[in-house]
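Enquirer: next come a sequence and a model predicted from it.
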Number of protein chains: 2
Amino acid sequence: MSTRPAFDPALVTRLRAALAPERVLDDPAECIAYGYDNSKRVALPQAVAFAQSHDDVAAVVQLCNEFASPLVVRGRGTNTTGATVPVAGGVVLSLERMNRILRVSPGDRLLECEAGALNGDVQQAAAPHGLFWAPDPTSLGYSTVGGNLGCCAGGPRAVKYGTARDNVLGLRAVTGAGTSIKTGCTTTKGVVGYDLTRLLVGSEGTLAIITEATLKLLPKPQGTKTLRACYADVKSAAAAVARVMNQPETPSALEFMDGDAVQLAEAYRPTGIPKGVGALLLIEVDGNEESIDIALRAVTAALQGAGLVELRAAANADEVDALWACRKALSPSLRRIAPKKVNEDVVVPVTRIPDLVEGLAALSAKHGIRIVNFGHAGNGNMHTNLLVDPEDPAQMDAVHACLAEVFRLVLDLEGTLSGEHGVGIEKRDYVGWEIAGDTLDVMRALKHTLDPNAILNPGKALPGI
Amino acid sequence: MSTRPAFDPALVTRLRAALAPERVLDDPAECIAYGYDNSKRVALPQAVAFAQSHDDVAAVVQLCNEFASPLVVRGRGTNTTGATVPVAGGVVLSLERMNRILRVSPGDRLLECEAGALNGDVQQAAAPHGLFWAPDPTSLGYSTVGGNLGCCAGGPRAVKYGTARDNVLGLRAVTGAGTSIKTGCTTTKGVVGYDLTRLLVGSEGTLAIITEATLKLLPKPQGTKTLRACYADVKSAAAAVARVMNQPETPSALEFMDGDAVQLAEAYRPTGIPKGVGALLLIEVDGNEESIDIALRAVTAALQGAGLVELRAAANADEVDALWACRKALSPSLRRIAPKKVNEDVVVPVTRIPDLVEGLAALSAKHGIRIVNFGHAGNGNMHTNLLVDPEDPAQMDAVHACLAEVFRLVLDLEGTLSGEHGVGIEKRDYVGWEIAGDTLDVMRALKHTLDPNAILNPGKALPGI
């Protein structure tokens, strides 16, 4: 953890001169609102600055270098890992006012926007042209494009359309050293220069501050259809996932719930899942009026196999809601039992899902912690929920011991510690378990090159930065 | 251009001790075969080393650092930009013997191989599982995965499936500093650590030497169908391209020929193209038995519009050949007129294709150089061919003047100077036209971080490295 360096109030004066007096807060009562995010962690910044342009960002970066002040960029703080909590104090730079859609070029399937633009506003600007931007995190209505890029946001439809990294063409940014850069291009192909775009995507504001983005849009399918498949056990369901992913009609969502998740949801609000179901898949396919039925048939065929207990297709909107009801009931049911549950975000290769769920069951028994799993099965991305109270110190020793073993298990299965939530503070100390020391040293050297005074988001993403 | 530093023959002795005597060549008569590539350029390396393992590569990098010797990694030298020509002399490190497929995990849709594995061998290993790797450069039968990654290879089906960058999960590599690193993960989602994978992809061996790769495989569609659409002019064809790309049934190839390209091909071998055609599109759609017809109908509908002169669909394999015949006749027809033609590889947003082709016609007239255009229209990737003899000094002044204006035109149209061929030596001096000085400085700083002694592939990819 970074130590909290001394803060020179002259920085506030200089920031106010550079931006405008009313665009810099330093009253703790006002600053605190910019000190937390969806991780439920909090730390007080000494100042909050509001940028309205790329040049504002450049000016703030320059001043923070001059004063050696930590600088944490922030969209709407919807991340769950503490990535925007200013643990070392200093300045939080909010991009919420840099929210303009700069242009939409439908024929070129691209949209340019400022980093503070809401994902939902991007979707709204793209929709009249029959286009959409792929990342669909749960927070999309109120999370920013810059935040989505900084954390490499995914969501259910990543299984077909990829994550933020796969759907960005170029960026404008200010490095930690204060250099204004423009990365990538406006086209889907381009191999001139090094790929700085994807170096910044997922770097959680530790290398540079993204100020504008050129997003790759995709043509929006006319409709979706929904299937729900119940299996006797996780192994059968995982085998079905592999079959679905090995045929060309990739579904637009392929969600998984383990048996315990199903039972919890059913206990909260019964939705007619057959008894004894060990795993459930929710599948959406998309396409035009004709192609969607073909996709539906292909996926239906792939879902058939040993262990299939029940397969239902929704015939209309009400039936869609009915099929999703079990999944929708899960979050409230979990909240009722463990309002502050620990929600992990691990990934394993699809064929290792059964080993993961089996291993987690063993860890659950060993540590006396109920573990419920659901997630984006097509990518092997599992949200592993430990139903505990993180504020009960008696439980937390067991939780930490259990989590450590969960991460070891994931890595033994050739997985990765985060699929879409990112590292932030939450997983920073485990990154060294996944990435070898020499490779981490290279990452730290790149960090030092782009942010030589280590002002950008100290204490996040990588251990030792 | 890098100067050619003095070469210490003791390096050969040390390389032989580190690898094996027979795995290091220093006879110029033998070395010369590793001094050229498909750019038709040549430079003699002082030694050629053959690696058989990651550790061999690490040993060679260490020795080249010790001797401050240039080190150029090489697959099969199929690139067209001089990216593997050892212009500064030194050591060429051939990975042709590191050609093993390490494993295929069909349920996880991944394949691991050494960097010297042939793209064609990868396809052969994936095919029995109904899978394929997306990059399909013309050279795929004999180009290596490492070369494909180093240059971010594309090909016609990139329009649907992306380029090398979009189809790689992780890498093993040795940086210029000699550090062994492992990047990425084995899953399609993963956000732990910085994205070193894509930093290396397309960096043309200037940052690190890729030794192994984990490739993302895709399910192979059961079949393809072919369409050929002839338009009165480029504008109509480009509008059709935008329409095709703006509906969800993305074709697996969407190739373009301008009117002059069509006429040249027809003059070489008539294939029944209607007279007066100003642009031609060749389209492939893929899918399973049912979905392919739907894709065909959707794309057919999108191809309809102002300026469409003729639209033909192939009913069988012979007709497929007939539709492609005009495109296939183009290369020999160009070779007959200008065996050493200059083949560029520029990209513009799809809606700017007409401006590009119109602008090129004006430059053709101005410089008295025949220019013929064809390429991957769905990505706006145009292969612009200047039909000249590069060995005729009288022509080359005009060629250089014309090329400079071509590049200015592409950049004015918000394009990029290379879509898939890369920079190498050919375009190095133009990179600064596309990428601003400050951004280039950041790239050079990253180069210095990863390759502090600047031994890796000097004189390539970026000016001033």
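Expert: That came through fine.
Enquirer: A:P86 against A:G35, yeah?
Expert: Yes - between A:P86 and A:G35 a contact is recorded at 6.2 Å, counting by CB atoms under 8 Å. For glycine as for every other residue, the C-beta is placed from the backbone atoms N, C-alpha and C.
Enquirer: shared neighbours, those two?
Expert: Common contacts of A:P86 and A:G35 (CB atoms under 8 Å, 6 or more residues apart in numbering or on different chains): A:A43, A:L44, A:P45, A:V92.
Enquirer: neighbour count: A:P86 and A:G35, which is higher?
Expert: A:P86 (29 against 22; other CB atoms under 10 Å in any protein chain shown).
Enquirer: who touches the more buried one in this structure?
Expert: Applying CB under 8 Å, 6+ apart to A:P86 gives the contacts A:Y34, A:G35, A:A43, A:L44, A:P45, A:P70, A:V72, A:V92.
Enquirer: angles on the backbone of A:V73, please.
Expert: phi -80, psi 150 (degrees, to the nearest 10).
Enquirer: look up how far chain B lies from it.
Expert: 16 Å (CB to the nearest CB, to the nearest Å).
Enquirer: my read: that residue touches A:L95, true?
Expert: Yes - at 6.5 Å, A:V73 and A:L95 qualify as touching, with contact defined as CB under 8 Å.
Enquirer: these two: who's more crowded?
Expert: For A:V73 versus A:L95, neighbours defined as other CB under 10 Å are more numerous around A:V73 (30 against 26).
Enquirer: let me know the secondary structure of A:L227.
Expert: strand (DSSP: H, G, I helix; E, B strand; the rest coil).
Enquirer: neighbours of A:N379, how many?
Expert: 26.
Enquirer: let me see the contact set for it.
Expert: A:N379 makes contacts with A:G154, A:A158, A:V159, A:V347, A:G419, B:T187, B:T188, B:K189, as judged by CB under 8 Å, 6+ apart.
Enquirer: now it, nearest residue through space, not along the chain?
Expert: In space, and not counting its chain neighbours, A:N379 is closest to B:K189: 4.4 Å by CB to CB, 6 or more residues apart in numbering or on different chains.
Enquirer: for that neighbour, give me its contacts.
Expert: Contacts of B:K189 (CB under 8 Å, 6+ apart): A:G154, A:A158, A:T163, A:V347, A:H376, A:N379, A:G380, A:N381, A:T416, A:G419, A:E420.
Enquirer: which of the residues you listed has the most neighbours?
Expert: That'd be A:G380 among the contacts of B:K189, by other CB under 10 Å, with 33 neighbours.
Enquirer: for that one, give its distance to A:L264.
Expert: As judged by CB to CB, to the nearest Å, A:G380 and A:L264 stand 22 Å apart.
Enquirer: and which of the contacts of A:P86 is nearest to chain B?
Expert: Nearest to chain B among the contacts of A:P86: A:V72, at 17.9 Å, using CB to the nearest CB.
Enquirer: helix, strand, or coil at the closest one?
Expert: Of the three states, A:V72 takes strand according to three-state DSSP.
Enquirer: number of residues surrounding it?
Expert: A:V72, neighbours per other CB under 10 Å, totals 32.
Enquirer: contacts only, for it.
Expert: Residues near A:V72 by CB under 8 Å, 6+ apart: A:P45, A:T84, A:V85, A:P86, A:G90, A:V91, A:V92, A:L93, A:G205, A:L456, A:N457.
Enquirer: what's the helix or strand for A:T211?
Expert: strand A:208-216 (DSSP states H and E).
Enquirer: what are the buried residues along stretch A:342-359?
Expert: Across stretch A:342-359, burial judged by 16 or more other CB atoms under 10 Å in any protein chain shown covers A:342-357, A:359.
Enquirer: state the distance from A:G276 to chain B.
Expert: Per CB to the nearest CB, A:G276 is found 26 Å from chain B.
Enquirer: gap between A:A10 and A:D26?
Expert: 12 Å.
Enquirer: wait, I meant A:E434
Expert: 39 Å.
Enquirer: same question for A:P270.
Expert: When distance is defined by CB to CB, A:P270 is 53 Å away from A:D26.
Enquirer: before we move on, the earlier item: just among the contacts of A:P86, which is most surrounded?
Expert: Counting by other CB under 10 Å, top hit in the contacts of A:P86: A:V72 with 32 neighbours.
Enquirer: is that one in a bridge, and if so with what?
Expert: Here A:V72 shows beta-bridge partners A:V92, assigned using DSSP bridges.
Enquirer: in the stretch 351-465 of chain A, which spans are strands?
Expert: With strands called from DSSP state E, counting those that start in this stretch, the stretch 351-465 of chain A shows them at A:371-376, A:381-386.
Enquirer: now render these as TSV, adding distance to chain B.
Expert: What follows is the strands of the stretch 351-465 of chain A, written out as TSV (distance: least, CB to the nearest CB, whole Å):
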stretch	distance to chain B
strand A:371-376	7
strand A:381-386	5
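Enquirer: and the next helix or strand past the helix or strand containing A:D121?
Expert: Assessed by DSSP H and E, A:D121 sits inside helix A:119-126. Sequence order places strand A:131-132 as the next helix or strand after helix A:119-126, per DSSP H and E.
Enquirer: one step back: okay, A:E434 and A:D26: which has more neighbours?
Expert: A:E434 (22 against 19).
Enquirer: assess the claim that that one and B:T187 are in contact.
Expert: No - contact criterion CB under 8 Å: A:E434 and B:T187 do not qualify, at 11.7 Å.
Enquirer: what's the overlap in contacts for the two?
Expert: Common contacts of A:E434 and B:T187 (CB under 8 Å, 6+ apart): A:T416.
Enquirer: outline the domain layout of chain A.
Expert: Domain assignment for chain A by automatic domain parsing gives A:10-97, A:101-219, A:222-335, A:338-422.
Enquirer: what about A:E22, which SS state?
Expert: With three-state DSSP as the basis, A:E22 sits in helix.
Enquirer: residues contacting A:L11?
Expert: A:L11 makes contact with A:Q46, A:A47, A:L63, A:C64, A:F67, A:S69, A:V91, according to CB under 8 Å, 6+ apart.
Enquirer: again, only using 7 Å
Expert: By CB atoms under 7 Å, 6 or more residues apart in numbering or on different chains, the residues touching A:L11 are A:A47, A:L63, A:F67, A:S69.
Enquirer: element containing the second one?
Expert: Right, A:L63. Going by DSSP H and E, A:L63 is in helix A:54-66.
Enquirer: what does that helix contact?
Expert: A:11, A:14-15, A:18-19, A:49, A:51, A:71, A:91, A:93, A:172, A:174, A:178, A:180, A:209, A:211-212, A:453, A:455.
Enquirer: hmm, back to that, what would the contacts of A:V72 look like in a markdown table with pLDDT and distance to A:G130?
Expert: Below are these laid out as a markdown table (pLDDT from 0 to 100; distance: CB to CB, whole Å):
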| residue | pLDDT | distance to A:G130 |
| --- | --- | --- |
| A:P45 | 97 | 42 |
| A:T84 | 97 | 34 |
| A:V85 | 97 | 39 |
| A:P86 | 97 | 41 |
| A:G90 | 98 | 44 |
| A:V91 | 98 | 41 |
| A:V92 | 98 | 38 |
| A:L93 | 98 | 35 |
| A:G205 | 98 | 33 |
| A:L456 | 98 | 38 |
| A:N457 | 98 | 37 |
